[in-house]
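Trainee: here's my sequence, what's the structure:
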Amino acid sequence: MSTQPSPTFSSNYDPEQGAKDLDPLLKSNGGKWGLIESGKGVERSFRFKTFKKTWEFMNIVAAECAVKKHHPEWSNVYNTTFIRWTTHSPPGLSAKDLLMAKFCDEKAEECGELAVEEGKEDGGVGKELADRVATEGGDCCVPKKKSG
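Mentor: Sure, this is the predicted structure:
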């Protein structure tokens with residue numbers, strides 16, 4: 001029997017407010033997001049009719065990422081985009097993560113996200129790629145040293 005992880009919020013995010021913001025996003029409460037195993041992030045996949053619609057969605061999200069100065073761990077395979085929101089510094093779920101998760105839900109609907117039949121998940125398309133790149137990429141929140 002697997003247990004649902006507990007959310008872990010960034011040190012600069014009030015846990016009471018975090019729980020209030022997180023609850024409507026979670027699958028267990030009728031939302032579409034799941035907590036990652038560590039509880040420090042939320043993730044889900046989005047499916048669209050075509051690659052073009054998927055890319056349109058990703059462009060909208062990328063533009064908002066630039067405005068909010070916050071980016072996801074994500075991957076794309078044809079008409080599916082996998083997105084994980086987590087904060088690396090300070091580690092845990094932040095207000096920006098949950099704000100962006102909600103933004104993604106709204107924009108996905110506007111872009112014609114396909115409904116997933118109950119009980120039929122997408123098999124985690126792109127999740128493994130996002131996991132590997134996030135691990136190998138190092139801490140994205142620490143400025144890289146300039147060489148030479």
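Trainee: going by C-alpha atoms from here, please, whenever you check contacts or count neighbours.
Mentor: Will do.
Trainee: now do the strands in the protein.
Mentor: 34-35, 41-47, 73-77, 80-88, 91-92 (DSSP state E).
Trainee: show me how far the longest one is from its chain's centre.
Mentor: This points to strand 80-88. Offset of strand 80-88 from its chain centre (CA atoms, centre = their mean, to the nearest Å): 3 Å.
Trainee: identify the bridge partners of the most centrally placed residue in the chain.
Mentor: Centroid-nearest residue in the chain: residue 84, 2.7 Å away (criterion: CA atoms, centre = their mean). Residue 84 has these beta-bridge partners by DSSP bridges: residue 43, residue 73.
Trainee: right, and it touches residue 41 too?
Mentor: Yes: counting by CA atoms under 8 Å, residue 41 is a contact partner of residue 84 at 6.7 Å.
Trainee: my read is that residue 49 contacts residue 108, right?
Mentor: No: between residue 49 and residue 108 there is no contact under CA under 8 Å: 11.6 Å.
Trainee: for residue 74, which non-adjacent residue is spatially closest?
Mentor: Excluding the flanking residues, the one nearest residue 74 by CA to CA, 6 or more residues apart in numbering is residue 83, at 4.5 Å.
Trainee: quick one: low-confidence ranges for the chain?
Mentor: Within the chain, the ranges that satisfy pLDDT under 70 run 1-2, 117-148.
Trainee: quick one: distance of stretch 70-86 to the chain centre.
Mentor: Distance, stretch centre to chain centre, for stretch 70-86: 6 Å (CA atoms, centre = their mean).
Trainee: now the end-to-end length of that stretch.
Mentor: Across stretch 70-86, the terminal residues are separated by 10 Å (CA to CA, to the nearest Å).
Trainee: could you export the strands of the chain as TSV, including distance to residue 7?
Mentor: Listed next are the strands of the chain as TSV, based on distance: least, CA to CA, whole Å:
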stretch	distance to residue 7
strand 34-35	7
strand 41-47	8
strand 73-77	18
strand 80-88	11
strand 91-92	8
